[in-house]
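Colleague: from the sequence below, what's the structure:
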Amino acid sequence: MATKNRFSSKSSSSSSLVPWLGIAAIVILFDQISKITILRTFSYAQEKVITSYFNLVLAYNKGAAFSFLSDQGGWQRYFFTGIALAAAIYIIYLLKKHAGQRLFCWALALILGGALGNAIDRLMYGHVVDFLDFHWKSWGHFPAFNIADSAICIGAALFIIDELRRVNK
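Modeller: Sure, this is the predicted structure:
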């Protein structure tokens, strides 16, 4: 005699969405706390040398990655915020649909948290707050970035690894 499954696919899929949204929320929390701390302790462009290759510096980015479109008239603030919000909706859909694929969902959750962390900055300040400054003597300074950017990059790397693993199966 077959027994009825206690967990319907609907409740299982929505409950398994919670950990991924939790990871995104943790990224947003750490990102925003770090940015608030930097904003309260640094003035614009102020630098604090930490090591021979790493500084903390308060920088503003009105554009996208590597200050892309930062010299435009201000429309990019709303454009990039809109892209982040549309991406967040799509990522939540993907998380719900593929909640059991752990590496894929880790990647998406990190990207979601990073995108929303930077969108919060755009809405609150009109620019993204960056503060992590790596540099090498022979190469110069890498563009400053933040925890949200780091989460997006790590998520993208995990996404590529997941895709390569899937292709090799």
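Colleague: tell me the contacts of the nearest residue to Leu39 once chain neighbours are set aside?
Modeller: Leaving aside its chain neighbours, Leu39 sits nearest to Val129 (6.3 Å; criterion: Cβ to Cβ, 6 or more residues apart in numbering). For glycine as for every other residue, the C-beta is placed from the backbone atoms N, C-alpha and C. If a contact means Cβ atoms under 8 Å, 6 or more residues apart in numbering, then Val129 has Lys35, Ile38, Leu39, Leu58, Ala59, Tyr60, Asp121, Asn146 as its contacts.
Colleague: can you tell me the centre-most residue of the protein?
Modeller: Closest residue to the average C-alpha location of the chain: Gly114 at 1.3 Å, with Cα atoms, centre = their mean.
Colleague: contact partners for that residue?
Modeller: Gly114 makes contact with Val27, Asp31, Ile147, Ala148, Asp149, Ser150, Ala151, Ile152, Gly155 under the criterion Cβ under 8 Å, 6+ apart.
Colleague: ok, back up a step: after the helix or strand containing the residue nearest to Leu39, which helix or strand is next?
Modeller: Secondary structure assignment for Val129, by DSSP states H and E: strand 128-136. For strand 128-136, the succeeding helix or strand toward the C-terminus, using DSSP H and E, is strand 140-141.
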